[in-house]
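Asker: 3D model of this:
(one chain, ligands or ions: 2)
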Amino acid sequence: MTSETPNLPTPDQIRRSPKVLLHDHLDGGLRPGTIIELAHKVGYENLPETEADKLGIWFREAADSGSLPRYLETFAHTCAVMQTKEALFRVASECAQDLAEDGVVYAEIRYAPEQHLEAGLTLEEVVEAVNEGFREGERRARTNGNRIRVGALLTAMRHAARALEIAELANRYRDNGVVGFDIAGAEAGFPPTRHLDAFEYLKRENNHFTIHAGEAFGLPSIWQALQWCGADRLGHGVKIIDDIEVAPDGSVKLGRLASYVRDKRIPLEMCPTSNLQTAAAASYAEHPIGLLRKLHFRLTVNTDNRLMSGTSMSREFEHLVDTFGYTLDDMQWFTVNAMKSAFIPFDERLAMINEVIKPGYAELKSEWLFRQTVSTSGSVSV
Ligand SMILES: O=c1[nH]cnc2c1ncn2[C@@H]1O[C@H](CO)[C@@H](O)[C@H]1O
Ligand SMILES: [Zn+2]
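Answerer: Ligands and ions are numbered 1, 2, ... in the order given. Below you'll find the predicted structure:
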C-alpha cells in the first residue's frame, strides 16, 4: 500500500470526525428507555413493547413499511410521552448529548410545537422547555469532553392549518434558540403551497426555512417548494433525480429544475436510511446521493429519525463509505456543505468550518502517518 492510497475511514474515525446535522426530528430520536420511563410517569399505556431493546426494534420494523404515511404513524407513541415541560426538557437534553457523543458538532433539530399541547402547554412553553433542554444537553456534553451547538427548527404539520402561527412563533424566538422553520408530514395531497402565507411572512421577516419536498412525491413538490414558496433548503429532495437523464454512454442531461437546484446551490438534506424505509430509494447503492454527489449538487447527509431508522450520523456515513467508497475528503465535503447551508449567521458558519471542521478532518487525515511501524530494514510498512 502506498501513502497515496486513500484509506477508507474506519468506523472509529467516522465517529470521531466532526459532523454537521441539518435534518433530524426531535420526536424521531428518543432513547427507547426514555420512552418507557416517560410513559410510566404520564400513564401512557399504549406502547407496543415495554422493554427498551424490543421497543427500539419495534420502531425500526414498524417504520420499515415502504410508505411515508405508515412510517409517520409511529410518531404517535413518541409524541404521546412528550407533553410536559419535564419530558420535553429531558428528550432535548438527551438528543444533544447523544449527537455530541456521536461526533456531531453542529445540529439543527426540528419538531412540531403543535403536537405537544395535549396536556395543556402553550406553544411558548413547548419552545422554551426544548430550548432549555438543548442548553442543558450542550453543557453536559461539554462536561464529557464533547462540543456541540444545537439550534431548533420549528415545524408546522402540512395537513394542519397552523403554519402561519408556527412561522410567527419561529420568528419570535429567532434570537433565542430557534434558527428557522420547516413543514413536514404526509407529502402526497398536501402541497407546500397550502402554507404560502407562512412562507411569505417569513420572507418578509428575512427569516429562513426548509421544506420537506421530493421525498414521497416528485418534481411538482420540489418545484413548488422552491419557486412558489422560496425554500432555502429541501428536506430530502431525492426525487430531483427524476429530472436527470443518464444516457447509455454515461452522459448526463439535467432538466430545467435540476439545473436550477444545482446552479443555485440549493442544499439537499439527504437521509439515506429513512428513504429506504419509505421506499423513496430502493437500496443504498441505488440511492440518488451517488449520482448527485458526482454531479456536485450541494448535498448534505442526515439522519431524519434516529429511533425509527435505528441510525446515527456515523451509521449513515458508514453505509455511504461501504457503498460508494467515500473517503475522509468526501466526508469533509458533505460536512462543509452542511455547515455552509446552516441557518446561523455567516461569520459563525465560517468559523465552524475553519476552526472546527477543517482542523478536525486534517487531524484524522494525518493519522496514517503515525500508524506506520518501522521495520528492521529501516523502510516503513503500513
Ligand atoms: O421524513 C419525514 N417526512 C415527512 N414528515 C416527517 C418525516 N419524519 C418525521 N416527520 C414528521 O415530522 C413531525 C415533526 O417532527 C413528526 O411528528 C413526523 O410526523
Ligand atoms: Zn424529515
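Asker: OK, now which residue of the stretch 201-350 of the chain is nearest to ligand 1?
Answerer: residue 212 (4.6 Å; C-beta to the nearest ligand atom). Bear in mind the C-beta positions are built from the backbone N, C-alpha and C, glycine included.
Asker: and the nearest residue to that residue once chain neighbours are set aside, which of the three is it?
Answerer: Once flanking residues are discounted, residue 212 sits nearest to residue 235: 3.7 Å by C-beta to C-beta, 6 or more residues apart in numbering. At residue 235 the chain is in strand, as set by DSSP: H, G, I helix; E, B strand; the rest coil.
Asker: quick one, what contacts residue 235?
Answerer: By C-beta atoms under 8 Å, 6 or more residues apart in numbering, the residues touching residue 235 are 23, 182, 184, 210, 211, 212, 213, 215, 269.
Asker: My read is that the third one contacts residue 112, right?
Answerer: Yes. Because the distance of 6.8 Å satisfies C-beta atoms under 8 Å, residue 184 is recorded as touching residue 112.
Asker: on that earlier part again, can you give me the neighbour number for the residue of the stretch 201-350 of the chain closest to ligand 1?
Answerer: Residue 212 has 29 neighbours, counted by other C-beta atoms under 10 Å.
Asker: And the pLDDT at it?
Answerer: Listed pLDDT for residue 212 reads 97.
Asker: residue contacts, it?
Answerer: Counting by C-beta under 8 Å, 6+ apart, residue 212 touches 158, 182, 183, 184, 185, 187, 235, 236.
Asker: what are the phi and psi angles of it?
Answerer: phi -60, psi 120 (degrees, to the nearest 10).
Asker: can you tell me the average pLDDT over stretch 72-90?
Answerer: So the average pLDDT for stretch 72-90 ends up being 97.
Asker: Show the subsequent helix or strand relative to the longest helix anywhere in the chain.
Answerer: In the chain, assigned by DSSP state H, the helix with the most residues is helix 123-143. The helix or strand immediately downstream of helix 123-143 is strand 149-157, counting by DSSP states H and E.
Asker: now that following strand against helix 123-143, angle please.
Answerer: Strand 149-157 runs at 150 degrees relative to helix 123-143, counting by axes from the mean of the first three to the mean of the last three C-alpha atoms, to 10 degrees.
Asker: tell me what strand 149-157 is packed against?
Answerer: For strand 149-157, the packing partners by 3 or more C-beta pairs under 8 Å, 6 or more residues apart in numbering; DSSP states H and E come out as helix 85-101, strand 104-111, helix 123-143, helix 163-172, strand 178-184.
Asker: Can you add distance to ligand 1 and mean neighbour count and give the ones you listed back as TSV?
Answerer: Below are the helices and strands packed on strand 149-157 laid out as TSV (distance: least, C-beta to the nearest ligand atom, whole Å; neighbours: other C-beta atoms under 10 Å):
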stretch	distance to ligand 1	mean neighbour count
helix 85-101	12	22
strand 104-111	5	26
helix 123-143	11	19
helix 163-172	11	20
strand 178-184	3	26
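Asker: roughly how far apart are residue 219 and residue 226?
Answerer: The gap separating residue 219 from residue 226 is 11 Å, by C-beta to C-beta, to the nearest Å.
Asker: between those two, what contacts are shared?
Answerer: Taking C-beta under 8 Å, 6+ apart as the criterion, residue 219 and residue 226 both touch residue 257.
Asker: Please say which of the two ends up with more neighbours.
Answerer: Taking other C-beta under 10 Å, residue 219 and residue 226 do not tie; residue 226 has more neighbours (23 against 17).
Asker: Leaving out sequence neighbours, find the closest residue to the more buried one.
Answerer: Closest residue in space to residue 226, ignoring its immediate chain neighbours: residue 266 at 6.7 Å, by C-beta to C-beta, 6+ apart.
Asker: Got the phi and psi for the one you found?
Answerer: phi -70, psi 120.
Asker: residues from this structure in reach of ligand 1?
Answerer: Within the chain, the positions lying close to ligand 1 (C-beta under 6 Å from any ligand atom) are 25, 27-28, 68, 72, 75, 79, 110-112, 115, 155, 184-185, 212, 215, 274, 304-305.
Asker: Quick check on these: which are buried?
Answerer: 25, 27-28, 68, 72, 75, 110-112, 115, 155, 184-185, 212, 215, 274, 304-305 (16 or more other C-beta atoms under 10 Å).
Asker: what's stretch 247-263 in contact with?
Answerer: 219, 222-223, 226, 234, 237, 240, 243-246, 266, 268, 291, 295-298.
Asker: swap that for stretch 188-204, please
Answerer: So stretch 188-204 is contacted by 68, 156, 158-159, 163-164, 166-168, 170-171, 181, 183, 208-209, 211, 213, 216-217, 220-221, 224-225, 228-231 (C-beta under 8 Å, 6+ apart).
Asker: I'd guessed residue 246 sits against residue 291; true?
Answerer: Yes. Contact criterion C-beta under 8 Å: residue 246 and residue 291 qualify, at 7.2 Å.
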